[in-house]
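Chemist: Here is my input, please return the structure:
(chains A and B)
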Amino acid sequence: MTQKFDPITLEIFWRRLISIVDEADASVARTAFSSLLRDAHDYTCMFTDSQGRELVQGTLCTPGMAGAMALGVKRIIHSFPYNEYKPGDVIIVNDPWLLAGHLNDVCVMSPVFYKERIVAFTSCVFHHSDIGGRVASDNREVYEEGLFIPPLKLYEAGALNEAVLNLIRWNVRTPDQVIGDIRSQVASNHVCAEKVVEMLTDEGLDDLDDLAEEIICRTETSMRMAIEKIPNGHYCYQGLIEGAGKREDIKINLTVKVKDTDIVVDFDGTSPQVNWGVNVVYDFTYAYVFMALKSAFDPDIPINEGATRPIQMVAPDGCVVNCSFPAAVAARMQVGHFMTEMVFRALAPAVPDRIIAGCGGTPAQTNIFYGRDRDGNPWHTMIIRGGGMGAGSSMDGHHCAIFPANGANTPVEILESDTPLIVFERSLLPDSGGPGKKRGGLGRKMVIYVPDDKLAPLYPVTIAVQAGRFRYPPEGLFEGGYGSKAIFLKNGEPADSSGLTFAEPGDSVEFHSAGGGGYGSPFERDPEEVVQDVRNGYVSIEKAYEDYGVIMMPNSLEVNEAATTAYREQRRS
Amino acid sequence: MRNKAFRLGCDIGGTFTDFVLVNDETGAFSIYKCLTTPSDPSDAVEIGMKALEKQVPEFVPELAEIIHGTTLVINAIIERKGARTGLITTKGFRDVLELGREIRYDAYDIFSEYPKALVPRSLRTEVDERITSDGRVLRPLKHDEVKDVTRALLDAGIESIAICLINSYENPEHEARVKKLVEELAPDLSVSASYEVLPQIREYERTSTTVTNAYVKPITVKYLHKLSTRLQSLGFNGKLFIMLSSGGITTASTAGEFPVRIIESGPTAAVIASQHYGRMFGIKDIFCFDMGGTTAKSCLIQKGEAGLVSTFEVGRVQRFKKGSGLPIQVPVVDLMEIGAGGGSIARINKMGLLQVGPDSAGADPGPVCYGLGGENPTVTDADLTLGYLDPNYFLGGAMLLDLDAAHRAIDEKIAKSLNATLIEAAFGIHDLINETMAAAAKTHIAEKGGNPNSVTLTAFGGAGPVHAYGLARKIGAPRIIVPPLAGVGSALGFFTAPVAFDLIRSHRVGLDEADFNTIERLFKDLEKESSAILKQSGEVDGIMFARSIDMRFVGQGAETNLPVANKAFNEWERYEIRSLFDQAYKRLYGRTYPDTRVELISFRVRASLPQPPFQIPRLVSSGGSLQNCIKGKREAFSLIHRKFIPFTVVDRLKLFPGATINGPAIIEERESTIVVGEDANAKIDECGFVWITFSRSADI
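Modeler: Here you go, the predicted structure:
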């Protein structure tokens, strides 16, 4: 018989589920090895009910991993006969088509037993900073991109499968770090499983399934009610994503079809998959389409399988957003992260107040640096850089965030203690935010130096860039202006943004991430807000004049209102 | 040896200042509560001490110590009323404070707001110097440049300065020199250097903590100085201690140097008191609920221990969302703000919905019913309207409440807009604040692995006992304890807090390579340093040290803390330390890896003095009858029946051990009022604690 929960009990249980997954999430910072995980938080934890239905995901998740993992785990649990699972089993897998779309994202998953039955599957995807292969976005096939791990048992009934670990160890550049991070995944699942069992014991529940049913249904209803408020119709958008270097641009053609409480997003007419590393698997595309719809319509309700039920996605097989094996996928965020922005664009006329302009952190700007120190020991690190958020109808864009993905910067002091590199600057870029009634957030600059003194590393220091916005800057909305473009320089000269760059001691590289797009006409921005921006050094006095039509006294920085009004009138006509 | 009989606890809240005077020889208590005096908080201290002298003549010269808690620091941060602060940092890093960690604290909210930096961009300046991560000087510090930027900041009118240079946690030399140069140029300027405030890796967290310290240092120093002078002029010649956020107490001079460590000074006292009661009664899970005039704070105390965390946030933009505030890294009791306070203002928001808080009418002008000029209805005005408070017995009648004014304000500003009756509006305010607190409380309890259905709520603060019953009903807590003197009860916590100070030193070394003699010297240094801080309090007998080490696998970024017994470190065997680590790691994470190398990262010492004995006096068993305790009946609002019903009004001071009062009842004391609904009853124990249990769960 299905157990029912009164609203108060339900709320308490639901919050406890969230706190369990957040506790597992927090354990990663304490146990992980690479700074990409412990500092930059590039991982996501979740757990499901006994059937593999997603029940809860970490509050600080990255939506791409979370969305794709939720779809993947439901299938992965059937890679082994369900009734042959034993307590202490641990599965490891990084198949991009089953998970978050590239080999670096490794999933570790375990069944949770209670009273001799499976009650949950706890799983986490970590972005491993290395998975072997050639680290670049210009590979042609997934085979070049590193080690491919099909679903395997890392532990069988608690006994370690040394062969699996050994195979991984010999295929990656920094085995101690990668193995340490896999152990951190096992630890995080352990924390989660222990707390789930504790909760079942405390609350006198036999399993989570009835609770899951209730939570999932309520979430689905909430999402459907939100969708119902959007007028029925087809909302279309055609967008271009820049090809790196001289490669062709990628065309995305999407239609958001809203009918009553259902949404179908159709990618018919989108470019076919390409012969470099930006192809996106279906699940990852879905994750960022879902991210857009969830954040625009119903952001407050915690996510589980219920939230996704009203949202279907159709994409032709072999197109760039539903690529087929063995497409190269390592830099899939360079296309995948754009899905959120493009859905926003399609919906802009229908819900202008619920969306934001283009973001400099779309796609997430990532860099990998590796080499050997002067004693020949390997070092390796990966960082994620945010960009300016796009503005919305009622607020300026936040400076520097990773959107629509999520994650943190790596503290400079951590980066420097983990590698021989030295960071000379990490700062906001004035005038990078798109002008508008609401201004886009600023992008940022980062200057990294390879020392040439006695602690200089050996040649070469290899640098891989997985980023975008070098040619097409983030767009504004409703007359809002563009944010600034991204830039990658080596010793002051433009460098290759898709392949590998080799640096030697004494070299420096400089990255600018893009600013966010503006929202509304900059001539409608309150001149006082422009003055504030000038005082803070976000906008120069020249751009205040050129972009915003605000005339101010150079010394006092006070607005000449009459002149400003007249000049704005003149510019408008 | 203690040769003076008295100790005084004094807690300045946003609305009220509470006093508890204890005579350690007789165990007798005297208490007082008065309005806080925001323009100069030491005014209220003087008022209180003079009022207490009427009760206990000539006690001031007999005071051994005053233990003091204050919300001064946190209010200055939240209300952005700290000093105009400048920052000197390494070239290329003036935006560290504004970039933060870049993570979006709510992944699916595209409109999240973020806290504004305490130092505006124009006051963040750079010097062209650089220390590397291994502590070498890459670019030397140029003294002229330091002087130039300091002068520029002084010209810009700064009142305080923070210094935070990259990698100073590894080599503080440049920071120390900047500090010296600044002091030479501006001897009176308040200076906070990160190597002294928080010598730990990660530039954003260190800068944020240092800047916060700098931001509140001038007002803290000024206030503490004024307070000391004033106390002396009243004849006080004992010692002044300040409550730390970590639950220990420290001297005024240390507090003035590191005000960032006293941010949660006030609310911590209630937690320490609850911890004491938890142990006293052997209660497994206590939910400490302290609702004053401005905020309501809570803490879950499990098995008599409140959690201690090393990082927390202040000034959250989204009240209950982690990551939306400014990070501060100092040891702090694991407190959570769950809602507004009695002075919180109710209004109709833009969406036409009732909203309570977060802004408070504070003490000045205070709620409408105080008659001090407040015009906006508050929670207290609603509580008065619902009959929970007696307009003629607030603060024992010392303050007459203006019932009509409260009615008018609620009617005009709330009821009319909602098209509701006065009572519906008042109930709406009372219920909404309880609902908000319940939601936050449930999250807080669940996050700590507790269950709201089995916690015992302890109520503190002027408004705590009024709202505890409604809150307990909403979260399903079966039992409430209202300690004696609940209205000033958190000040009681001061007497159970030890004089203590925590120090940490980083020294990264592999376990296999570590020289245990060096480590023993390091521990000894920390013990010396922390005793020096404790010695400022004068009493040095019986200092206790607790040592712990932070260890991790080589390659990890965070540590596992291991308490180590207090024997000389060079007497440990290497394998013993290793196995301590493996045991702890396995307990936390299920597996450990004995073949993987481990390293030692930092060393901690907590120095403390023995806790002074503290006994709650027993109630005199007067064998009285309940009839003597009953003041009469009063119509008050039933949360169950949603209408006014007669409540029995009881005088708490006359209650005797074993007395049982069935709800609906209102138990009045001078400093607070306890509400007991019709589905609950209250029992008085030997020490005067009021135990409220719901009849549905009378067996617990």
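Chemist: Can you name the secondary structure element that comes next after the helix or strand where residue B:250 lies?
Modeler: According to DSSP states H and E, residue B:250 maps onto strand B:249-251. Next helix or strand after strand B:249-251 toward the C-terminus (DSSP H and E): helix B:252-257.
Chemist: Give the buried residues for that following helix.
Modeler: B:252, B:254, B:255, B:256, B:257 (16 or more other CB atoms under 10 Å in any protein chain shown). For glycine as for every other residue, the C-beta is placed from the backbone atoms N, C-alpha and C.
Chemist: Ok, stretch B:322-340 next?
Modeler: B:323-340.
Chemist: Cross the residues you listed against strands and list the overlap.
Modeler: B:326, B:327, B:328, B:332, B:333, B:336, B:337, B:338, B:339, B:340 (DSSP state E).
Chemist: Can I get these in JSON lines including distance to chain A and pLDDT?
Modeler: Listed next are these as JSON lines, based on distance: CB to the nearest CB, whole Å; pLDDT from 0 to 100:
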{"residue": "B:326", "distance to chain A": "15", "pLDDT": "90"}
{"residue": "B:327", "distance to chain A": "12", "pLDDT": "90"}
{"residue": "B:328", "distance to chain A": "16", "pLDDT": "91"}
{"residue": "B:332", "distance to chain A": "17", "pLDDT": "90"}
{"residue": "B:333", "distance to chain A": "19", "pLDDT": "90"}
{"residue": "B:336", "distance to chain A": "13", "pLDDT": "84"}
{"residue": "B:337", "distance to chain A": "17", "pLDDT": "80"}
{"residue": "B:338", "distance to chain A": "13", "pLDDT": "81"}
{"residue": "B:339", "distance to chain A": "16", "pLDDT": "78"}
{"residue": "B:340", "distance to chain A": "21", "pLDDT": "78"}
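Chemist: Determine which two of those are furthest apart.
Modeler: B:327 and B:340 (23.4 Å; CB to CB).
Chemist: ok, how many other residues are close to residue A:347?
Modeler: By the criterion of other CB atoms under 10 Å in any protein chain shown, residue A:347 has 21 neighbours.
Chemist: residue contacts, it?
Modeler: A:230, A:235, A:256, A:292, A:296, A:354, A:355 (CB atoms under 8 Å, 6 or more residues apart in numbering or on different chains).
Chemist: looking at chain B, which helix or strand is least sure?
Modeler: Counting by mean pLDDT, DSSP states H and E, chain B has its least confident helix or strand at helix B:490-493, which shows a mean of 76.
Chemist: What residue, apart from its backbone neighbours, is nearest the residue nearest in space to the middle of chain B spatially?
Modeler: Centrality entry for chain B: nearest residue to the mean C-alpha point is residue B:264, 2.7 Å, by CA atoms, centre = their mean. Using CB to CB, 6 or more residues apart in numbering or on different chains and skipping the chain neighbours, the partner closest in space to residue B:264 is residue B:245 (3.9 Å).
Chemist: Would you confirm that that neighbour contacts residue B:261?
Modeler: Yes: counting by CB atoms under 8 Å, residue B:245 touches residue B:261, with 5.9 Å between them.
Chemist: Mind listing the shared neighbours of those two?
Modeler: B:330, B:331.
Chemist: Can you list the helices and strands that the host helix or strand of residue B:550 packs against?
Modeler: For residue B:550, the element it lies in under DSSP H and E is strand B:544-553. The contact analysis (3 or more CB pairs under 8 Å, 6 or more residues apart in numbering or on different chains; DSSP states H and E) places strand B:544-553 against helix B:516-535, strand B:560-564, helix B:574-589, strand B:598-608.
Chemist: Try it again at 6 Å.
Modeler: The contact analysis (3 or more CB pairs under 6 Å, 6 or more residues apart in numbering or on different chains; DSSP states H and E) places strand B:544-553 against strand B:560-564, strand B:598-608.
Chemist: Which neighbouring elements make contact with the shortest one?
Modeler: What that stands for is strand B:560-564. Using 3+ CB pairs under 6 Å, 6+ apart: strand B:560-564 touches strand B:544-553, helix B:574-589.
Chemist: which one of the ones you listed has the most crowded surroundings?
Modeler: strand B:544-553 (a mean of 18; mean count of other CB atoms under 10 Å in any protein chain shown).
Chemist: Residues contacting it, please?
Modeler: Residues outside strand B:544-553 that contact it (CB atoms under 6 Å, 6 or more residues apart in numbering or on different chains) are B:523, B:527, B:559-564, B:581, B:596, B:598, B:600-608.
Chemist: Name all residues that make contact with residue B:59.
Modeler: residue B:6.
Chemist: And it, how close does it get to chain A?
Modeler: From residue B:59 over to chain A the distance is 48 Å, taken as CB to the nearest CB, to the nearest Å.
Chemist: Check residue B:567 too.
Modeler: Applying CB to the nearest CB to residue B:567 and chain A gives a distance of 28 Å.
Chemist: Assign a three-state SS to that residue, would you?
Modeler: coil (DSSP: H, G, I helix; E, B strand; the rest coil).
Chemist: tell me the secondary structure for residue 112?
Modeler: All of this is about chain A. strand.
Chemist: That was the other one, I meant chain B.
Modeler: coil.
Chemist: Give me the pLDDT value at it.
Modeler: Looking at residue B:112, its pLDDT stands at 90.
Chemist: cool, and the one 4 residues further on?
Modeler: Residue B:116 is assigned 91 on the pLDDT scale.
Chemist: Can you report how many residues neighbour it?
Modeler: 13.
Chemist: Chain A versus that one, what's the distance?
Modeler: 11 Å.
Chemist: Chain A contacts on chain B?
Modeler: With CB under 6 Å from any CB of the partner chain as the criterion, chain B meets chain A at residues B:92, B:95, B:99, B:101-104, B:107-110, B:114, B:121, B:133, B:167, B:201-203, B:442-443, B:446-447, B:451, B:555-558, B:589-590.
Chemist: so where's the chain uncertain?
Modeler: Picking chain A for this. A:1, A:7-9, A:12 (pLDDT under 70).
Chemist: my bad, chain B
Modeler: Looking at chain B by pLDDT under 70, you get B:1-3, B:319-320, B:350-351, B:363, B:486-487, B:489, B:537-540, B:611-614, B:620-623, B:696-700.
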